[in-house]
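**Student:** Here is a sequence together with a model predicted from it:
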Amino acid sequence: MATTDALIEIADASVNFGGVAAVQGASLAIRRGEFVAVVGPNGSGKTTLLRLLHGVVAHSGLRIVQAGGEPQAMVFQRPFLLRLSARDNLRLALWLAARRWPAQERRARIDAALRKVGLWPLRERAARSLSGGEQQRLALARAWALGPAVLFLDEPTASLDPSAKKEVESVLAAFAAEGTTLVMSTHNLGQAKRLATRVVFMDEGRIALDLPTADFFARSGRDARADRFLAGDLPWSLD
């Protein structure tokens, strides 16, 4: 069943929480170098699909990871940061990581990550005292420092102001340009259009559409619910 170039693949996979079918019969392959945006109305199963792909939720059906199990990381909408400095939040993450870097390399990765997201000047600042946008960039730096082949992002700019959203989008675009594979849930269709190479439309727990970004936004008449979503008749936002 496995697609030869897929880093992660699921087939006929479902996730149930009690009597609620959060994801139903999902089949999807994530390939190296893609930036996949997962969109859909509230409650459509976007976050659960990300957790399923990441392997952190019980499910039925198949989930296959490329041989060698390349590292993955996930950044949540409200990242958890410890009561430590920005730098020490990264230091602890690398110390706890399954992959063990030599101490000198850990220091280099931490410094590079903080510079990459523009937080080097704030490296000794308490992480929880940072602004919302800065905290999100710190969470991205922490994930990037782990060296993931696949980075999952659950609505990473949902609670940020326009300026902070732009900063986070710039970081994500830079990650993608370097070859990191990204899978991001978002309510922001403008963001999906700007960043993604491919759009997956979730509806009522099912993958209703899976198209290249240009085709998704150009299409009409092939899926009534998707047409309503793009027309704004189902919940979404466009900045």
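**Tutor:** Done, it's in.
**Student:** backbone phi and psi for the most centrally placed residue in the chain, please?
**Tutor:** Nearest residue to the geometric centre of the chain (Cα atoms, centre = their mean): residue 153, 1.9 Å. Main-chain dihedrals, residue 153, degrees, to the nearest 10: phi -130, psi 120.
**Student:** and what of the one 10 residues further on?
**Tutor:** In this entry, residue 163 is assigned phi and psi values of phi -70, psi -40 (degrees, to the nearest 10).
**Student:** ok, it touching residue 132?
**Tutor:** No. Applying Cβ atoms under 8 Å, one finds residue 163 not in contact with residue 132, separated by 10.8 Å. Glycine gets a C-beta too; all of them are placed from N, C-alpha and C.
**Student:** partner residues bridging the residue nearest to the centre of the chain?
**Tutor:** Beta-bridge pairing of residue 153 under DSSP bridges involves residue 75, residue 184.
**Student:** related to what we said a few turns ago, of residue 163 and residue 132, which one has the most company?
**Tutor:** A direct count of neighbours by other Cβ atoms under 10 Å for residue 163 and residue 132 places residue 132 higher, at 14 against 10.
**Student:** which residue sits closest to the more buried one, ignoring its sequence neighbours?
**Tutor:** Excluding the flanking residues, the one nearest residue 132 by Cβ to Cβ, 6 or more residues apart in numbering is residue 160, at 5.5 Å.
**Student:** What residues does that neighbour make contact with?
**Tutor:** Under the criterion of Cβ atoms under 8 Å, 6 or more residues apart in numbering, the contact list for residue 160 reads 132, 133, 136, 168.
**Student:** Buried subset of those, written for PyMOL?
**Tutor:** Only the buried members of the contacts of residue 160 enter the following PyMOL selection, criterion being 16 or more other Cβ atoms under 10 Å:
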select buried, resi 133+136+168
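**Student:** and the helix or strand of the chain with the lowest mean pLDDT, what does it pack onto?
**Tutor:** Using mean pLDDT, DSSP states H and E, helix 224-231 stands out as the lowest-scoring helix or strand of the chain, at a mean of 81. Under the contact criterion of 3 or more Cβ pairs under 8 Å, 6 or more residues apart in numbering; DSSP states H and E, helix 224-231 touches strand 198-203, strand 206-212.
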